[in-house]
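In: Take a look and give me a structure for this.
(2 chains)
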There are 2 protein chains.
Amino acid sequence: MVVVVVTPSTPDRRRQVAEAVLQIIASRGTDAVSVREVAAALDVSIGAIQHYFSTKAEMVEFAFGHSVQRVRDRLIDLPQTGDRARDIRTVLSELLPLDETRRAEVAIHLAFASLAATTPGLQSIQRDLLTGIRNELSEALGPGHDTQAAMLLGAVDGLALHAISAPGGLDADQLERALAVAVTAALHPTRKKVRKHNEDR
Amino acid sequence: MVVVVVTPSTPDRRRQVAEAVLQIIASRGTDAVSVREVAAALDVSIGAIQHYFSTKAEMVEFAFGHSVQRVRDRLIDLPQTGDRARDIRTVLSELLPLDETRRAEVAIHLAFASLAATTPGLQSIQRDLLTGIRNELSEALGPGHDTQAAMLLGAVDGLALHAISAPGGLDADQLERALAVAVTAALHPTRKKVRKHNEDR
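Out: Just a heads-up that it's a prediction; the model follows:
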């Protein structure tokens, strides 16, 4: 007799594993992630995890992609007002650790970025993510703003990195003011260019 | 007979251990660091390492402090020209992964920052480091530039994070141009009139 096991919930199971990986990373760092730990967190056997991910690397890679998708979905849903500076600030402040949800997300993203430095498998996910956001930012800032977009995304991720790695340093208010300075600088590059821009209008 | 073993080289031994820790982190990430690995790298016994550092955490903390000191020593030795924008760019470009030495340093710093997010023992080192650099930057930029200093240091570390975690994304030229934009923006905040004018559009 052939028993056909139908598992329509496969993608959900993979997502559950990914969520468990992300929770472990947010609370204890990437060092703490292992197939054994994830199995324990989900109260399933190691074999059950290995059914979906044959290696730890594959599991971590999927979890990174999952976390990136989750953040992007949220960014897409943000209300837009038409005020360019304000809308850009609204989107980018989602990437700063201004509350517990975002703090956990930033810790996860930072852990992946750090892991990517020595893990080629994660680098392409990180490159696609950054290139995608930079292109969108560049479009939002206006033509010829590629360097400004790179600077701005750098400022956001750097501020997030500083806030998460040195609690008690920059507070939420300082983060938001620094973001506002970066957005203004990116929209209005230098005084020379601003004058030129205004002359052209 | 009492044999007195004089070990004037103790601090050097600790530095050697720190260097080995940093090398492992730069090439294989923090996950790969252990007392056993460091002992193997230095071709000494585990006990020899434990003589200087009783726990892995203590060893990693010392290595972080050592790496911070090494970077600061180099920054202090940089020639100053008196051209404020250029001098600030010169100092900050030392924190970008523009060659192999700096690439390794950035990978190490990023790994520590990520580890600090879940390791309170490392957070005070990171906080002191960032506060120190921000204060110096703020002074170099001019009175009332605290927010600009925070933005600028964020931009530098964020750009470094992006370059190291997504090779093939930003190249050295793009990094230097983005740094120049951030320095100009920090030195010459956009005039309120311009901002107001654009907000009204």
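In: which ones are touching residue A:113?
Out: A:126, B:110, B:114, B:161, B:164-165 (C-beta atoms under 8 Å, 6 or more residues apart in numbering or on different chains). Quick note: C-beta positions are derived from backbone N, CA and C, even for glycine.
In: Out of those residues, which is nearest to residue A:86?
Out: residue B:161 (26.1 Å; C-beta to C-beta).
In: What does the pLDDT read for the closest one?
Out: Note for residue B:161: predicted pLDDT of 96.
In: ok, it - how many residues close by?
Out: Residues lying near residue B:161 (other C-beta atoms under 10 Å in any protein chain shown) number 29.
In: Equivalent analysis for the one 10 residues further on, please.
Out: Residues within reach of residue B:171, counting by other C-beta under 10 Å, total 11.
In: now residue A:114
Out: 29.
In: Please report phi then psi for residue A:168.
Out: phi 90, psi -10 (degrees, to the nearest 10).
In: residues contacting it?
Out: Contact partners of residue A:168, counting by C-beta under 8 Å, 6+ apart, are B:123, B:127.
In: separation between it and residue B:70?
Out: Between residue A:168 and residue B:70 the distance is 25 Å, computed by C-beta to C-beta, to the nearest Å.
In: swap in residue A:55?
Out: In terms of C-beta to C-beta, residue A:55 sits 36 Å off from residue B:70.
In: what about those two, which has more around it?
Out: Each of residue A:55 and residue B:70 has its neighbours counted (other C-beta under 10 Å); residue B:70 has more, 16 against 10.
In: Mind pulling up the pLDDT for that one?
Out: Looking at residue B:70, its pLDDT reads 88.
In: who are the neighbours in contact with it?
Out: residue B:105.
In: Next SSE downstream of the one helix or strand it maps to?
Out: Residue B:70 belongs to helix B:56-76 when assigned by DSSP states H and E. Sequence order places helix B:84-93 as the next helix or strand after helix B:56-76, per DSSP H and E.
In: what angle separates that following helix from helix B:56-76?
Out: Angle, helix B:84-93 to helix B:56-76, by axes from the mean of the first three to the mean of the last three C-alpha atoms, to 10 degrees: 150 degrees.
In: for helix B:84-93, which positions count as buried?
Out: For helix B:84-93, burial by neighbour count (16 or more other C-beta atoms under 10 Å in any protein chain shown) applies to B:87-89, B:91-93.
In: Show me what that helix is packed against.
Out: Packing partners of helix B:84-93 (3 or more C-beta pairs under 8 Å, 6 or more residues apart in numbering or on different chains; DSSP states H and E): helix B:120-141, helix B:146-165, helix B:172-187.
In: quick one: it to helix B:146-165, angle?
Out: 40 degrees.
In: can you list contacts of helix B:84-93?
Out: Under C-beta under 8 Å, 6+ apart, the answer for helix B:84-93 is B:75, B:78-81, B:137, B:140-141, B:152-153, B:156, B:176, B:179-180, B:183-184, B:186-187.
In: Kindly state the domain boundaries assigned to chain A.
Out: A:1-70, A:78-201 (automatic domain parsing).
In: CA-only coordinates of stretch A:64-75 in PDB, if you can.
Out: Presented in PDB, the C-alpha positions along stretch A:64-75 are these (Å, rounded to 0.1, in the frame of the first residue of the first chain):
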ATOM      1  CA  PHE A  64      16.800  36.300   5.800                       C
ATOM      2  CA  GLY A  65      14.700  36.300   2.600                       C
ATOM      3  CA  HIS A  66      11.500  36.000   4.700                       C
ATOM      4  CA  SER A  67      12.500  38.800   7.000                       C
ATOM      5  CA  VAL A  68      13.300  41.100   4.000                       C
ATOM      6  CA  GLN A  69      10.000  40.400   2.500                       C
ATOM      7  CA  ARG A  70       8.100  41.100   5.700                       C
ATOM      8  CA  VAL A  71       9.700  44.600   6.000                       C
ATOM      9  CA  ARG A  72       9.100  45.400   2.300                       C
ATOM     10  CA  ASP A  73       5.400  44.400   2.600                       C
ATOM     11  CA  ARG A  74       5.100  46.800   5.500                       C
ATOM     12  CA  LEU A  75       6.800  49.600   3.600                       C
END
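In: how much distance is there from it to the middle of the chain?
Out: From the chain centre to the centre of stretch A:64-75 is a distance of 7 Å (C-alpha atoms, centre = their mean, to the nearest Å).
In: Same question for it: list its buried residues.
Out: By 16+ other C-beta under 10 Å, the buried positions in stretch A:64-75 come out as A:64-68, A:71.
In: same for chain B: which of the residues you listed are within range?
Out: Contacts with chain B are made by none of these, judged by C-beta under 8 Å from any C-beta of the partner chain.
In: out of those residues, who's nearest residue B:50?
Out: Nearest to residue B:50, judged by C-beta to C-beta, of the buried residues of stretch A:64-75 is residue A:64 at 35.4 Å.
In: My guess is that closest one contacts residue A:123. True?
Out: No. The pair residue A:64 / residue A:123 is not scored as a contact, 10.6 Å apart, by C-beta atoms under 8 Å.
In: do stretch A:94-109 and chain B meet?
Out: Yes. Counting by C-beta under 8 Å from any C-beta, chain B is contacted by stretch A:94-109 at residue A:107.
In: residue ranges with poor pLDDT in chain A?
Out: A:1-10, A:189-201 (pLDDT under 70).
In: now do 80
Out: Judged by pLDDT under 80, chain A has its weakly predicted residues at A:1-11, A:189-201.
In: What residue, apart from its backbone neighbours, is nearest residue A:64 spatially?
Out: Using C-beta to C-beta, 6 or more residues apart in numbering or on different chains and skipping residues adjacent in sequence, the residue nearest residue A:64 is residue A:112, 4.8 Å away.
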